[in-house]
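>>> Here is my input; please provide its structure:
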Amino acid sequence: MIYYGKQSINQKEIDAVVNVLKSDFLTQGPAIEKFEQKVAAYCGVKYAVAVTNATSALHIACLAAGLAKDDVLWTTPNTFVASANCARYCGAAVDFVDIDTDTYNMSVDQLETKLRNTNKKPKIVVPVHFSGQSCNMKRIYELAQEYNFTVLEDASHCIGGEYKNTKIGSCRYSDMTVFSFHPVKIITTGEGGMVLTNDDILYKNLQLFRNHGITRDESFLKGKADGPWYYQQINLGFNYRMTDMQAALGYSQMDRLDEFIIRRRYLADRYNELLKDLPLTLPYQHPDTNSSWHIYVVRLDLSKVKLNKKDIFYKMKTKGIILNVHYIPVHTQPYYQQLGFNMGDFPNSENYYAEAFTLPLYYSLTDEQQTNVVDVLKEVLENA
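Purely as a prediction, here's the structure:
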(Lines give C-alpha, C1' and ligand atoms only; values in the text may rest on other atoms or scores of the structure.)
Protein backbone atom coordinates (compact mmCIF):
# COMPACT_ATOMS: atom_id res chain seq x y z
CA MET A 1 0.00 0.00 0.00
CA ILE A 2 1.31 3.46 -0.91
CA TYR A 3 0.10 6.05 1.60
CA TYR A 4 -0.07 9.80 1.00
CA GLY A 5 2.53 10.45 3.73
CA LYS A 6 4.99 8.47 5.80
CA GLN A 7 7.79 9.09 8.29
CA SER A 8 11.41 8.04 7.73
CA ILE A 9 13.26 6.78 10.84
CA ASN A 10 16.79 5.41 10.67
CA GLN A 11 18.92 3.50 13.17
CA LYS A 12 20.75 6.62 14.34
CA GLU A 13 17.43 8.16 15.35
CA ILE A 14 16.32 4.97 17.11
CA ASP A 15 19.62 4.96 19.00
CA ALA A 16 19.10 8.60 20.02
CA VAL A 17 15.74 7.75 21.59
CA VAL A 18 17.15 4.64 23.29
CA ASN A 19 19.98 6.71 24.78
CA VAL A 20 17.41 9.03 26.36
CA LEU A 21 15.51 6.03 27.73
CA LYS A 22 18.73 4.95 29.44
CA SER A 23 19.47 8.45 30.76
CA ASP A 24 18.40 10.29 33.90
CA PHE A 25 15.77 12.42 32.13
CA LEU A 26 12.74 11.30 30.17
CA THR A 27 11.13 14.73 30.33
CA GLN A 28 12.16 18.28 31.27
CA GLY A 29 15.77 17.30 30.57
CA PRO A 30 18.60 18.58 28.38
CA ALA A 31 17.34 17.07 25.11
CA ILE A 32 14.58 19.70 24.93
CA GLU A 33 16.86 22.72 24.92
CA LYS A 34 19.28 21.05 22.50
CA PHE A 35 16.45 20.44 20.02
CA GLU A 36 15.12 23.99 20.43
CA GLN A 37 18.55 25.49 19.85
CA LYS A 38 19.15 23.35 16.78
CA VAL A 39 15.89 24.39 15.12
CA ALA A 40 16.42 28.05 16.06
CA ALA A 41 19.93 28.04 14.59
CA TYR A 42 18.73 26.39 11.38
CA CYS A 43 15.98 28.98 10.92
CA GLY A 44 18.04 31.98 12.01
CA VAL A 45 15.73 32.97 14.89
CA LYS A 46 16.55 33.82 18.53
CA TYR A 47 14.17 31.54 20.40
CA ALA A 48 12.28 28.26 20.02
CA VAL A 49 9.85 26.63 22.45
CA ALA A 50 9.08 22.93 21.96
CA VAL A 51 5.62 21.62 22.88
CA THR A 52 3.39 18.57 22.57
CA ASN A 53 2.05 19.35 19.09
CA ALA A 54 1.40 22.22 16.69
CA THR A 55 -2.11 22.72 18.11
CA SER A 56 -0.70 23.49 21.56
CA ALA A 57 1.94 25.66 19.86
CA LEU A 58 -0.79 27.73 18.23
CA HIS A 59 -2.65 27.92 21.53
CA ILE A 60 0.24 29.23 23.62
CA ALA A 61 1.25 31.59 20.82
CA CYS A 62 -2.22 33.14 20.94
CA LEU A 63 -2.06 33.37 24.73
CA ALA A 64 1.40 34.95 24.62
CA ALA A 65 0.07 37.54 22.17
CA GLY A 66 -2.73 38.39 24.60
CA LEU A 67 -5.65 36.98 22.61
CA ALA A 68 -8.76 36.95 24.82
CA LYS A 69 -12.52 37.29 24.90
CA ASP A 70 -13.82 40.12 22.68
CA ASP A 71 -10.80 39.73 20.36
CA VAL A 72 -10.89 38.15 16.92
CA LEU A 73 -8.37 36.03 15.03
CA TRP A 74 -8.35 35.79 11.24
CA THR A 75 -7.03 32.80 9.31
CA THR A 76 -7.75 30.98 6.06
CA PRO A 77 -10.53 28.43 5.47
CA ASN A 78 -8.03 26.18 3.64
CA THR A 79 -6.31 24.72 6.66
CA PHE A 80 -6.71 22.14 9.39
CA VAL A 81 -9.19 23.21 12.08
CA ALA A 82 -6.40 23.83 14.63
CA SER A 83 -5.47 27.12 12.90
CA ALA A 84 -8.89 28.47 13.89
CA ASN A 85 -9.55 26.47 17.06
CA CYS A 86 -6.62 28.13 18.84
CA ALA A 87 -8.66 31.33 18.98
CA ARG A 88 -11.68 29.56 20.43
CA TYR A 89 -9.51 28.04 23.18
CA CYS A 90 -8.77 31.63 24.23
CA GLY A 91 -12.44 32.63 24.17
CA ALA A 92 -11.91 34.77 21.07
CA ALA A 93 -13.89 34.93 17.84
CA VAL A 94 -12.70 33.62 14.47
CA ASP A 95 -13.07 35.01 10.97
CA PHE A 96 -11.60 33.93 7.67
CA VAL A 97 -9.93 35.39 4.60
CA ASP A 98 -10.43 33.47 1.37
CA ILE A 99 -7.55 31.92 -0.55
CA ASP A 100 -5.55 33.03 -3.56
CA THR A 101 -6.63 30.91 -6.53
CA ASP A 102 -3.04 30.18 -7.60
CA THR A 103 -1.17 29.38 -4.37
CA TYR A 104 -4.17 28.32 -2.20
CA ASN A 105 -2.67 30.48 0.56
CA MET A 106 -4.44 33.41 2.19
CA SER A 107 -5.22 36.06 -0.44
CA VAL A 108 -3.42 39.23 0.62
CA ASP A 109 -5.63 41.31 -1.67
CA GLN A 110 -8.71 40.00 0.13
CA LEU A 111 -6.99 40.49 3.49
CA GLU A 112 -6.31 44.13 2.68
CA THR A 113 -9.86 44.70 1.44
CA LYS A 114 -11.32 43.09 4.54
CA LEU A 115 -9.13 45.17 6.85
CA ARG A 116 -10.24 48.36 5.15
CA ASN A 117 -13.92 47.49 5.31
CA THR A 118 -14.28 45.83 8.72
CA ASN A 119 -14.85 47.70 11.97
CA LYS A 120 -13.72 44.76 14.11
CA LYS A 121 -10.02 44.47 13.30
CA PRO A 122 -8.13 41.27 14.14
CA LYS A 123 -5.88 40.95 17.17
CA ILE A 124 -4.00 38.13 15.39
CA VAL A 125 -3.76 37.04 11.76
CA VAL A 126 -2.67 33.45 11.11
CA PRO A 127 -1.42 32.98 7.54
CA VAL A 128 -1.05 29.27 6.77
CA HIS A 129 1.82 28.20 4.50
CA PHE A 130 -0.16 25.62 2.58
CA SER A 131 1.71 22.52 1.38
CA GLY A 132 5.08 24.06 2.31
CA GLN A 133 4.85 27.25 0.22
CA SER A 134 5.08 30.52 2.13
CA CYS A 135 2.35 33.11 2.04
CA ASN A 136 3.15 36.63 0.82
CA MET A 137 4.60 37.52 4.21
CA LYS A 138 6.13 40.88 3.25
CA ARG A 139 2.74 42.34 2.36
CA ILE A 140 1.08 40.74 5.38
CA TYR A 141 3.77 42.24 7.63
CA GLU A 142 3.23 45.67 6.07
CA LEU A 143 -0.51 45.39 6.73
CA ALA A 144 0.25 44.33 10.32
CA GLN A 145 2.25 47.53 10.82
CA GLU A 146 -0.61 49.59 9.41
CA TYR A 147 -3.47 47.87 11.25
CA ASN A 148 -1.63 46.81 14.41
CA PHE A 149 -2.19 43.06 14.53
CA THR A 150 0.10 40.21 15.56
CA VAL A 151 1.31 37.93 12.77
CA LEU A 152 1.45 34.26 13.70
CA GLU A 153 2.73 32.07 10.86
CA ASP A 154 1.22 28.59 10.80
CA ALA A 155 4.18 26.91 9.13
CA SER A 156 3.14 23.39 10.15
CA HIS A 157 3.90 22.26 6.58
CA CYS A 158 6.95 24.35 6.09
CA ILE A 159 10.14 23.61 8.04
CA GLY A 160 12.99 23.74 5.53
CA GLY A 161 11.06 25.98 3.15
CA GLU A 162 12.22 29.44 2.12
CA TYR A 163 10.69 32.84 1.42
CA LYS A 164 12.71 35.59 -0.26
CA ASN A 165 15.87 33.54 0.27
CA THR A 166 15.26 33.34 4.03
CA LYS A 167 14.34 30.20 5.98
CA ILE A 168 10.74 29.92 7.11
CA GLY A 169 10.83 30.30 10.88
CA SER A 170 13.19 33.29 10.92
CA CYS A 171 10.21 35.49 11.89
CA ARG A 172 11.56 38.19 9.60
CA TYR A 173 7.99 39.15 8.68
CA SER A 174 6.11 37.87 11.72
CA ASP A 175 5.96 37.86 15.50
CA MET A 176 5.90 34.07 15.85
CA THR A 177 6.07 30.95 13.68
CA VAL A 178 4.67 27.49 14.47
CA PHE A 179 6.03 24.17 13.19
CA SER A 180 4.48 20.70 13.36
CA PHE A 181 6.42 17.47 13.86
CA HIS A 182 3.57 15.03 13.21
CA PRO A 183 4.75 11.82 11.47
CA VAL A 184 3.58 12.92 8.01
CA LYS A 185 5.38 16.27 8.24
CA ILE A 186 8.90 17.01 6.95
CA ILE A 187 10.58 15.87 10.19
CA THR A 188 8.89 14.14 13.10
CA THR A 189 9.02 13.76 16.85
CA GLY A 190 6.04 11.37 16.81
CA GLU A 191 3.76 14.15 17.94
CA GLY A 192 5.22 17.56 18.61
CA GLY A 193 5.34 21.21 17.72
CA MET A 194 7.36 24.35 18.25
CA VAL A 195 6.92 28.12 18.45
CA LEU A 196 9.71 30.38 17.20
CA THR A 197 10.13 34.09 17.92
CA ASN A 198 12.68 36.90 18.15
CA ASP A 199 10.76 38.70 20.89
CA ASP A 200 12.13 38.38 24.44
CA ILE A 201 8.77 38.94 26.16
CA LEU A 202 6.87 36.56 23.91
CA TYR A 203 9.54 33.93 24.53
CA LYS A 204 9.22 34.13 28.31
CA ASN A 205 5.44 34.00 28.11
CA LEU A 206 5.54 31.02 25.75
CA GLN A 207 7.67 29.17 28.29
CA LEU A 208 5.20 30.04 31.04
CA PHE A 209 2.12 28.91 29.15
CA ARG A 210 3.84 25.65 28.17
CA ASN A 211 4.45 24.72 31.81
CA HIS A 212 1.30 25.39 33.88
CA GLY A 213 2.14 29.11 34.12
CA ILE A 214 4.85 28.14 36.62
CA THR A 215 8.30 29.68 36.84
CA ARG A 216 11.42 29.91 39.00
CA ASP A 217 12.64 32.95 37.05
CA GLU A 218 13.25 35.67 39.67
CA SER A 219 12.24 38.38 37.20
CA PHE A 220 8.68 37.00 37.29
CA LEU A 221 8.39 36.23 41.03
CA LYS A 222 6.23 38.26 43.39
CA GLY A 223 8.52 38.69 46.37
CA LYS A 224 11.57 36.63 47.21
CA ALA A 225 11.98 32.90 46.72
CA ASP A 226 11.74 30.72 49.84
CA GLY A 227 14.62 28.56 48.60
CA PRO A 228 15.99 26.69 45.57
CA TRP A 229 12.84 24.55 45.41
CA TYR A 230 10.56 27.55 45.14
CA TYR A 231 8.29 28.33 42.18
CA GLN A 232 5.24 30.46 41.56
CA GLN A 233 2.28 30.12 39.23
CA ILE A 234 2.09 33.44 37.41
CA ASN A 235 -0.80 32.66 35.09
CA LEU A 236 -3.06 29.80 34.03
CA GLY A 237 -0.84 27.70 31.82
CA PHE A 238 -0.97 24.16 30.50
CA ASN A 239 1.05 20.97 30.53
CA TYR A 240 2.24 21.21 26.94
CA ARG A 241 5.77 19.93 27.55
CA MET A 242 7.55 17.80 24.96
CA THR A 243 9.33 14.69 26.27
CA ASP A 244 13.07 14.17 25.95
CA MET A 245 12.46 11.09 23.81
CA GLN A 246 10.57 13.20 21.29
CA ALA A 247 13.21 15.93 21.40
CA ALA A 248 16.02 13.43 20.84
CA LEU A 249 14.23 12.08 17.78
CA GLY A 250 13.64 15.61 16.47
CA TYR A 251 17.25 16.64 17.10
CA SER A 252 18.48 13.65 15.11
CA GLN A 253 15.93 14.19 12.32
CA MET A 254 17.23 17.76 11.89
CA ASP A 255 20.48 16.25 10.58
CA ARG A 256 18.47 14.86 7.65
CA LEU A 257 16.18 17.84 7.05
CA ASP A 258 17.99 19.19 4.00
CA GLU A 259 18.21 15.66 2.58
CA PHE A 260 14.45 15.27 3.09
CA ILE A 261 13.75 18.58 1.36
CA ILE A 262 15.97 17.78 -1.64
CA ARG A 263 14.16 14.50 -2.18
CA ARG A 264 10.70 16.06 -1.81
CA ARG A 265 11.56 18.80 -4.32
CA TYR A 266 12.85 16.19 -6.74
CA LEU A 267 9.64 14.18 -6.44
CA ALA A 268 7.49 17.31 -6.88
CA ASP A 269 9.39 18.23 -10.05
CA ARG A 270 8.98 14.67 -11.27
CA TYR A 271 5.22 14.78 -10.64
CA ASN A 272 5.06 18.02 -12.62
CA GLU A 273 6.57 16.26 -15.61
CA LEU A 274 4.66 12.98 -15.29
CA LEU A 275 1.26 14.62 -14.79
CA LYS A 276 1.47 17.47 -17.29
CA ASP A 277 -0.79 15.85 -19.91
CA LEU A 278 -3.57 14.78 -17.52
CA PRO A 279 -6.77 16.80 -16.93
CA LEU A 280 -5.33 18.31 -13.76
CA THR A 281 -4.22 21.68 -12.46
CA LEU A 282 -0.73 21.22 -11.02
CA PRO A 283 0.63 23.20 -8.04
CA TYR A 284 1.76 26.75 -8.73
CA GLN A 285 4.90 28.05 -7.05
CA HIS A 286 5.40 31.78 -6.56
CA PRO A 287 8.93 32.90 -7.53
CA ASP A 288 9.49 34.41 -4.05
CA THR A 289 9.07 30.97 -2.47
CA ASN A 290 10.93 27.67 -2.34
CA SER A 291 8.51 25.11 -0.97
CA SER A 292 9.40 22.32 1.42
CA TRP A 293 6.70 20.22 -0.32
CA HIS A 294 4.94 18.69 2.64
CA ILE A 295 2.16 17.66 0.26
CA TYR A 296 1.52 17.65 -3.48
CA VAL A 297 -2.02 18.73 -4.35
CA VAL A 298 -3.68 18.62 -7.78
CA ARG A 299 -7.07 19.83 -8.94
CA LEU A 300 -9.37 17.93 -11.28
CA ASP A 301 -10.60 19.55 -14.46
CA LEU A 302 -14.21 18.54 -13.84
CA SER A 303 -15.19 19.49 -17.40
CA LYS A 304 -12.96 16.67 -18.71
CA VAL A 305 -13.48 13.98 -16.04
CA LYS A 306 -16.71 12.03 -15.56
CA LEU A 307 -15.78 10.39 -12.25
CA ASN A 308 -16.25 12.39 -9.08
CA LYS A 309 -13.52 12.69 -6.48
CA LYS A 310 -15.00 9.99 -4.24
CA ASP A 311 -14.97 7.46 -7.07
CA ILE A 312 -11.36 8.30 -7.88
CA PHE A 313 -10.40 7.77 -4.23
CA TYR A 314 -12.07 4.36 -4.14
CA LYS A 315 -10.59 3.20 -7.44
CA MET A 316 -7.08 4.31 -6.44
CA LYS A 317 -7.41 2.51 -3.10
CA THR A 318 -8.35 -0.75 -4.80
CA LYS A 319 -5.04 -0.41 -6.67
CA GLY A 320 -3.12 0.06 -3.41
CA ILE A 321 -2.77 3.85 -3.43
CA ILE A 322 -4.16 6.03 -0.64
CA LEU A 323 -4.99 9.64 -1.54
CA ASN A 324 -6.06 12.39 0.83
CA VAL A 325 -7.68 15.85 0.78
CA HIS A 326 -6.15 19.00 2.22
CA TYR A 327 -8.45 20.59 3.33
CA ILE A 328 -12.18 20.64 3.97
CA PRO A 329 -12.81 24.40 4.37
CA VAL A 330 -13.00 25.14 8.08
CA HIS A 331 -16.04 27.41 7.79
CA THR A 332 -18.08 24.47 6.41
CA GLN A 333 -17.55 22.37 9.54
CA PRO A 334 -20.72 22.02 11.69
CA TYR A 335 -19.06 23.68 14.70
CA TYR A 336 -18.23 26.80 12.70
CA GLN A 337 -21.60 26.81 10.94
CA GLN A 338 -23.13 26.99 14.41
CA LEU A 339 -21.08 30.16 14.91
CA GLY A 340 -22.73 31.74 11.86
CA PHE A 341 -20.63 30.76 8.86
CA ASN A 342 -22.35 29.42 5.75
CA MET A 343 -21.63 27.70 2.47
CA GLY A 344 -20.81 30.36 -0.09
CA ASP A 345 -18.98 32.63 2.36
CA PHE A 346 -15.55 31.83 0.90
CA PRO A 347 -16.09 30.59 -2.66
CA ASN A 348 -12.43 30.21 -3.66
CA SER A 349 -11.85 27.74 -0.83
CA GLU A 350 -15.06 25.87 -1.60
CA ASN A 351 -14.30 25.59 -5.32
CA TYR A 352 -10.80 24.40 -4.53
CA TYR A 353 -12.13 21.71 -2.17
CA ALA A 354 -14.52 20.40 -4.83
CA GLU A 355 -11.61 19.67 -7.16
CA ALA A 356 -8.51 19.03 -5.04
CA PHE A 357 -6.84 15.86 -3.81
CA THR A 358 -3.40 15.01 -2.42
CA LEU A 359 -1.05 12.51 -4.04
CA PRO A 360 1.54 10.45 -2.14
CA LEU A 361 4.72 12.38 -1.37
CA TYR A 362 7.32 11.45 1.22
CA TYR A 363 11.07 10.95 1.50
CA SER A 364 11.12 7.18 1.02
CA LEU A 365 8.70 7.17 -1.92
CA THR A 366 10.72 5.57 -4.73
CA ASP A 367 10.71 6.65 -8.35
CA GLU A 368 9.08 3.33 -9.22
CA GLN A 369 6.30 3.85 -6.67
CA GLN A 370 5.73 7.38 -7.91
CA THR A 371 5.51 6.16 -11.50
CA ASN A 372 2.99 3.56 -10.34
CA VAL A 373 0.89 6.27 -8.69
CA VAL A 374 0.82 8.26 -11.92
CA ASP A 375 0.14 5.23 -14.13
CA VAL A 376 -2.79 4.14 -11.96
CA LEU A 377 -4.18 7.67 -11.80
CA LYS A 378 -3.90 7.95 -15.59
CA GLU A 379 -5.75 4.66 -16.00
CA VAL A 380 -8.50 5.73 -13.60
CA LEU A 381 -8.97 9.10 -15.29
CA GLU A 382 -8.89 7.69 -18.83
CA ASN A 383 -11.54 5.12 -17.95
CA ALA A 384 -13.73 7.66 -16.20
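>>> so how far is residue 227 from residue 217?
To residue 227, residue 217 is 15 Å away according to Cβ to Cβ, to the nearest Å. Yep, even glycine has a C-beta here, placed from its N, CA and C like the rest.
>>> Which of these two has more residues huddled nearby?
residue 217 (12 against 6; other Cβ atoms under 10 Å).
>>> Make sure residue 352 is indeed in a strand.
No - checked against DSSP: H, G, I helix; E, B strand; the rest coil, residue 352 lies outside a strand; its state is helix.
>>> Residue 99 is in contact with that one, correct?
Yes - if you go by Cβ atoms under 8 Å, residue 352 and residue 99 touch, sitting 6.5 Å apart.
>>> Quickly list what's touching both of the two.
Counting by Cβ atoms under 8 Å, 6 or more residues apart in numbering, the residues touching both residue 352 and residue 99 are residue 78.
>>> neighbour count winner among those two?
Neighbour comparison, residue 352 and residue 99: the larger count goes to residue 99, with 26 against 22 (by other Cβ under 10 Å).
>>> what pLDDT does that one get?
On pLDDT, residue 99 comes in at 98.
>>> swap in residue 229?
89.
>>> With residue 216 instead?
Residue-level pLDDT assigned to residue 216 equals 91.
>>> Next, the contact list for the residue nearest to it when sequence neighbours are not counted, please.
In this structure, residue 216 finds its nearest non-sequential neighbour in residue 231, 5.0 Å apart by Cβ to Cβ, 6 or more residues apart in numbering. The contact partners of residue 231, taken as Cβ under 8 Å, 6+ apart, are 214-216.
>>> Could you report the separation of residue 121 from residue 139?
Counting by Cβ to Cβ - residue 121 and residue 139 are separated by 17 Å.
>>> Tell me which residue is most central in the protein.
residue 156 (1.6 Å; Cα atoms, centre = their mean).
>>> Tell me the predicted confidence for the residue lying closest to residue 96 once chain neighbours are set aside.
Once flanking residues are discounted, residue 96 sits nearest to residue 77: 4.8 Å by Cβ to Cβ, 6+ apart. Predicted confidence (pLDDT) at residue 77: the value is 98.
>>> likewise residue 131?
Residue 131 is given a pLDDT of 98.
>>> from memory it sits against residue 99, does it?
No - in this structure residue 131 lies outside contact range of residue 99 using Cβ under 8 Å: 11.8 Å.
>>> one step back: next, count neighbours for the residue nearest to residue 96.
When neighbours are defined as other Cβ under 10 Å, residue 77 has 28 of them.
>>> repeat for residue 317
Residue 317: 12 neighbours (other Cβ under 10 Å).
>>> what about residue 53, how many neighbours?
22.
>>> Can you tell me how far it is from residue 86?
12 Å.
>>> Could you do residue 243 as well?
22 Å.
>>> Looking at these two, which has the bigger crowd around it?
Using other Cβ under 10 Å as the criterion, residue 243 and residue 86 rank with residue 86 on top: 29 against 23.
>>> Figure out the helix or strand that the more buried one lives in.
Here residue 86 sits within helix 82-89, counting by DSSP states H and E.
>>> what's that helix packed up against?
helix 54-64, strand 72-75, strand 93-96, strand 124-126 (3 or more Cβ pairs under 8 Å, 6 or more residues apart in numbering; DSSP states H and E).
>>> repeat that for 10 Å
Counting contacts by 3 or more Cβ pairs under 10 Å, 6 or more residues apart in numbering; DSSP states H and E, helix 82-89 packs against helix 54-64, strand 72-75, strand 93-96, strand 124-126, strand 150-154, strand 176-180, helix 334-338.
>>> Ok, which of those comes nearest residue 41?
Proximity to residue 41 (Cβ to Cβ) singles out strand 176-180 among the helices and strands packed on helix 82-89, at 14.1 Å.
>>> for the following helix or strand past that closest one, packing partners?
If you walk from strand 176-180 toward the C-terminus, the next helix or strand you reach (DSSP H and E) is strand 193-197. For strand 193-197, the packing partners by 3+ Cβ pairs under 10 Å, 6+ apart come out as helix 30-43, strand 47-51, helix 54-64, strand 150-154, strand 176-180, helix 200-210.
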